[in-house]
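Student: Provided below for reference: sequence and predicted model.
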Amino acid sequence: MAVSRKSQTALAQSVGLTDVDLLAMFRTVALARAVDERMWILNRAGRIPFVISGQGHEGAQVGIAWPLERRKDFIAPFYRSIATCLAFGMTAQDILMAQYAKATDPSSGGRQMPGHYGNAENNLLSLSSPVATQMLHAVGIALAAKIRGSGQVALTTMGEGSSNQGDVHEGLNFAAIHHLPFILVIENNGYAISVPAARQLATPNVADRASGYGIPGVVVDGSDVLACYRASKEAVDRARRGDGPTLIEAKVIRLTAHSSDDQQTKYRPEQELAELRSHDALPRFRDELHAAGVLDDEAEARITAEIKAEVNAATDHAEAEPDPDPSTAMHWVFAEDWPSETPPAWGFGGGHGLAGHEGDASAAEGASD
Amino acid sequence: MALKTFIEAIRETLAEEMRRDSSVIVLGEDVGVKGGVFLATDGLWAEFGDDRVIDTPLSESMIVGTSIGAAVNGLRPVAEIQFADFIFPAFNQILSEAARMRYRSNNGFGVPMTIRAPYGGGVHGALYHSQSVEAFFTHIPGLKVVIPSTPYDAKGLLRSSIRDDDPVLFFEHKKMYRSVRGDVPDTEYVVPLGRAAITHPGTQITVVAYGLMAHYALEAADVVADEGISVEVVDLRTLRPIDKETLLTSVRRTGKCLVVYEDNRFGGYGAEVAAIVAEEAFDYLDGPVTRIAGPDVPGVPYNHVLEDWFMVNPEKLADGIRKLAAY
């Protein structure tokens, strides 16, 4: 099938995109899934110490990130935002570099745990581990956009568990008062690690809270990529017009355990786990594109092969890159050097015992022998 | 050169920096039409308007968190926390976010933000309007912590703080706002961060101080001078990064070191000064490094008798100097 640059099926037309756009979106969803699956394989093979996953969130992430303008708008992501980051300019290699925490990891130079993706070049803000703190940063970015008249939109995204933090309230209140060009996305996968949503909030939807701030709150099916796109497009347009913030809640699924250190069969019913895949955005979007005549078997096979090659190359590259040098470990405390502070008595040599990724866990077990 | 109060120096610096650089904004509680509860921002709203002087809701975490975001996106926010005692809801944003942003992003993002907060006791402020909170923040690499003691330094250091590319906590002793006056030049001078000043040269004891205590140290030095004790006062001005060179050079010359701070004694900022002196000037010491500091109770009590008991004053400080001099 030949999808030309301007060809527009009825499906593409219905959302104001071209077929090429739809294929690119599909490719990004599929790439995020392939990168994520690779992470788990590397973890189980003992190559990387930790994985936190975005599987089940990719469709919503790609649909929602798509209407934003790369390198102009800002996204403050969270630890499941692999597809968001890929949709906003990072590459499979960038994500893999973070898993290996190599010196050239563009998110943090190997300083942060995997999952803490960010990159100044792509206006993806660096994040920490205390959840929902990035809420206020995105609101501040939107405040600066408004004051500077830059026309930028700031979006942040987090889970429904994170939505219970006080920073979310404080940020929504301020963003609403000042009609800031801001979008809060809640990726509701039903669990905060092990605690189900019913034990986290008393209303059916996080979006129900929006009315308390006088802003629109939208619930969208996170397995429907184009529905997510539409909801986001509307919020972006509204923000750019100066009409203020929107809360979008995407109902997504968590296909994996919380992290590589979690055993979800302990708290999720077997039946629920068995049915999860029927709500997966990836096959749904693929089928939708097939039915619409945007995608056929040949194109899909080509995309799948390209993604496989890309993830393999990214893995090889990340594996081969050097670890950070301890002599750089005191760099970038500040913009300038940090000369008056006392360096450690042991200097900046490497190799103090904890060699290799398995370091912490295996060392702890070894100690009990 | 004009004689100005401490708060006049602060207010003028904010206005001048806002005129000089359109990316400087001020936000906090009551900073707008009211001009701040201490009037540190008086007149700014009238001159610079709603966009650049923002009255915020009572949400300290938001004040700091949005300042971080605004700083990332091209502004230089000066956030006011109405009293240092109220900074703790923002502690996570300061510690986990502002201080670590540059390090954790490997210099991808920086946070050029100044947080101003009035601190200190002796003003009938009781437990929650009197605290000295500096030790919580000097502990954190990635933050700069400034406590000026004169209008000259307040202006020069606030300029440096606003122009700095990293987060600065700028604590102002509220008792000094109107009681301390000093000469302030009309020039656009700066006082660099990280440099202490010897405000009273002497030969026998180094007294290390900052903020209001830097004034009490000068008073105490005059008192004991009549008794033949020569005190050198080091006003740190910037607590972190600390000016070790000025500190250690002075202690190595005098051979004795007393640190004074208003905060609770245990684990206070002066404990770190004492440790630095003990580790790096041990061979020069002729007596124990001594701390004169606030008592270890959970706050400054309100009743004036209890408050006077809590507060370090020049007499208590002079007593400490005499004891150390006797070694």
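Tutor: Here it is on my side, so go on.
Student: per-domain residue ranges of chain B.
Tutor: Taking automatic domain parsing as the domain assignment, the record places the domains of chain B at B:2-184, B:197-325.
Student: Can you check which of the ones you listed gets nearest to chain A?
Tutor: domain B:2-184 (2.2 Å; CB to the nearest CB). Backbone N, C-alpha and C define where each C-beta goes, glycine included.
Student: So for the closest one, mean pLDDT?
Tutor: Across domain B:2-184, pLDDT averages out at 98.
Student: swap in stretch A:158-171?
Tutor: For stretch A:158-171, the per-residue pLDDT values average out at 98.
Student: contact partners of that stretch?
Tutor: The contact list for stretch A:158-171, computed with CB atoms under 8 Å, 6 or more residues apart in numbering or on different chains, reads A:78, A:80, A:131-136, A:138-139, A:184-193, A:195, A:197, A:200-201, A:206, A:209, A:249, B:57, B:59, B:61-62, B:65-66, B:89, B:93.
Student: Also stretch A:210-222?
Tutor: Contacts of stretch A:210-222 (CB under 8 Å, 6+ apart): A:57, A:59-60, A:172-173, A:175-176, A:187-188, A:205-209, A:227-228, A:231, A:234-235, A:238, A:244-253, A:281.
Student: now, which of the contacts of stretch A:158-171 lie within helices?
Tutor: The subset of the contacts of stretch A:158-171 located in helices under the criterion DSSP state H comprises A:133-136, A:138-139, B:61-62, B:65-66.
Student: Out of those, the closest to residue B:225 would be?
Tutor: Sorting these by distance to residue B:225 puts residue B:61 at the head of the list, at 47.6 Å, by CB to CB.
Student: That closest one touches residue B:89, doesn't it?
Tutor: Yes. Residue B:61 is within contact range of residue B:89, at 4.9 Å (criterion: CB atoms under 8 Å).
Student: quick one: residue A:308 from chain B, how far?
Tutor: Plainly put, residue A:308 is 30 Å away from chain B if you go by CB to the nearest CB, to the nearest Å.
Student: quick one: contacts for residue A:301?
Tutor: Taking CB under 8 Å, 6+ apart as the definition, residue A:301 has no contacts.
Student: Check the one 5 residues further on too.
Tutor: With CB under 8 Å, 6+ apart as the criterion, the residues that contact residue A:306 are residue A:27.
Student: Helix or strand: which one has it?
Tutor: Taking DSSP states H and E as the definition, residue A:306 sits inside helix A:297-320.
Student: What mean pLDDT does that helix get?
Tutor: Throughout helix A:297-320, pLDDT has a mean value of 98.
Student: what do you get for stretch A:133-150?
Tutor: Looking at stretch A:133-150 alone, the average pLDDT works out to 98.
Student: Return the set of buried residues in that stretch.
Tutor: A:133-148 (16 or more other CB atoms under 10 Å in any protein chain shown).
Student: Export that stretch to PDB, keeping only CA atoms.
Tutor: What follows is stretch A:133-150, C-alpha atoms only, in PDB (Å, rounded to 0.1, in the frame of the first residue of the first chain):
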ATOM      1  CA  THR A 133       6.400  17.500  42.300                       C
ATOM      2  CA  GLN A 134       6.600  18.000  38.500                       C
ATOM      3  CA  MET A 135       3.100  19.300  38.600                       C
ATOM      4  CA  LEU A 136       4.200  22.700  39.900                       C
ATOM      5  CA  HIS A 137       7.100  22.900  37.500                       C
ATOM      6  CA  ALA A 138       4.800  22.600  34.600                       C
ATOM      7  CA  VAL A 139       2.500  25.200  36.100                       C
ATOM      8  CA  GLY A 140       5.600  27.500  36.500                       C
ATOM      9  CA  ILE A 141       6.700  26.800  32.900                       C
ATOM     10  CA  ALA A 142       3.100  27.800  31.800                       C
ATOM     11  CA  LEU A 143       3.400  30.900  34.000                       C
ATOM     12  CA  ALA A 144       6.600  32.000  32.300                       C
ATOM     13  CA  ALA A 145       5.100  31.300  28.900                       C
ATOM     14  CA  LYS A 146       2.200  33.600  29.700                       C
ATOM     15  CA  ILE A 147       4.400  36.300  31.200                       C
ATOM     16  CA  ARG A 148       6.800  36.100  28.300                       C
ATOM     17  CA  GLY A 149       4.100  35.800  25.700                       C
ATOM     18  CA  SER A 150       5.900  32.800  24.200                       C
END
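Student: That stretch: how far from the chain's middle?
Tutor: When C-alpha coordinates are averaged (CA atoms, centre = their mean, to the nearest Å), stretch A:133-150 and its chain have centres 19 Å apart.
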